[in-house]
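> next comes the sequence, and after it the predicted model I'd like to discuss.
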Amino acid sequence: MDVSQEQSLLYEWWRIEGRDPVQEHLASVFAMDSKNIALFLQAMAPRSWGDGDVLPRVGELDGNQLKNIKLIYDLDALAQLIRQHLPGDFENPQWFPDGSKPVEQRLAEQFMFVYNKWNNDGEPSDAGGKSDDEPNEIGSAEAVDEDLNDQAAEHADAADRPSAGR
């Protein structure tokens, strides 16, 4: 399967007909076999190269990919499907790449991490004045890095505070 071609076809369909027909098609694909939800997340994740990699591997999902997914599928509906059909800790998902987890679990948790952050803090606006009605071409993990630094600072602050009742 040529993932970049699959993505291009979905976005081209969306440009011509809008989100509804694309979402209806994807919903029917997901309903036929819930494994297709994980395959969809893998198709939406960018490809990356690691040291010694001969072939690109599935990268990480961040806010750029969720903005792209939102163009063709309702994020609330996708989050519900992920909770129902994919493995993972969705109450407290972490974004950190974890090579010991299966790729479908890692991507599902990364999706839910960003999705929950947007629900709590609001969706960030695009940097550089990019329009929300076009897919992002390249993924950037700056927002995730910033959030991870915030989390680390919060954990450090909590560790420094004396506990009540001691």
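Nice, I can see it.
> can you pull out the low-pLDDT segments for this structure?
Scanning the chain for pLDDT under 70 picks out the ranges 1-4, 53, 97-98, 126-166.
> which stretches of it form strands?
In order along the chain, the chain carries the following strands (DSSP state E): 47-48, 57-58.
> just name the most buried of those.
Highest mean neighbour count among those (mean count of other C-beta atoms under 10 Å): strand 57-58, with a mean of 15. Every C-beta, even on glycine, is put in place using the N, C-alpha and C of the backbone.
> who does it pair up with?
Taking DSSP bridges as the criterion, strand 57-58 pairs within the sheet with strand 47-48 (antiparallel).
> list of residues touching the partner strand?
Judged by C-beta atoms under 8 Å, 6 or more residues apart in numbering, the contacts made with strand 47-48 from elsewhere in the structure are Val3, Pro56, Arg57, Val58, Gly59, Glu60.
> again, but for stretch 7-18
With C-beta under 8 Å, 6+ apart as the test, stretch 7-18 has contacts from Pro21, Val22, Leu26, Ala43, Met44, Asn68, Leu71, Ile72, Pro135.
> tally up the residues packed near the first one, please.
It stands for Pro21. Neighbourhood size, Pro21 [other C-beta atoms under 10 Å]: 13.
> on that earlier part again, CSV for the strands of the chain, including distance to Asp121?
Written out in CSV, the entries for the strands of the chain read as follows (distance: least, C-beta to C-beta, whole Å):
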stretch, distance to Asp121
strand 47-48, 26
strand 57-58, 26
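> for Leu81, find the nearest of those strands.
Closest to Leu81 of the strands of the chain is strand 57-58 (C-beta to C-beta; 19.0 Å).
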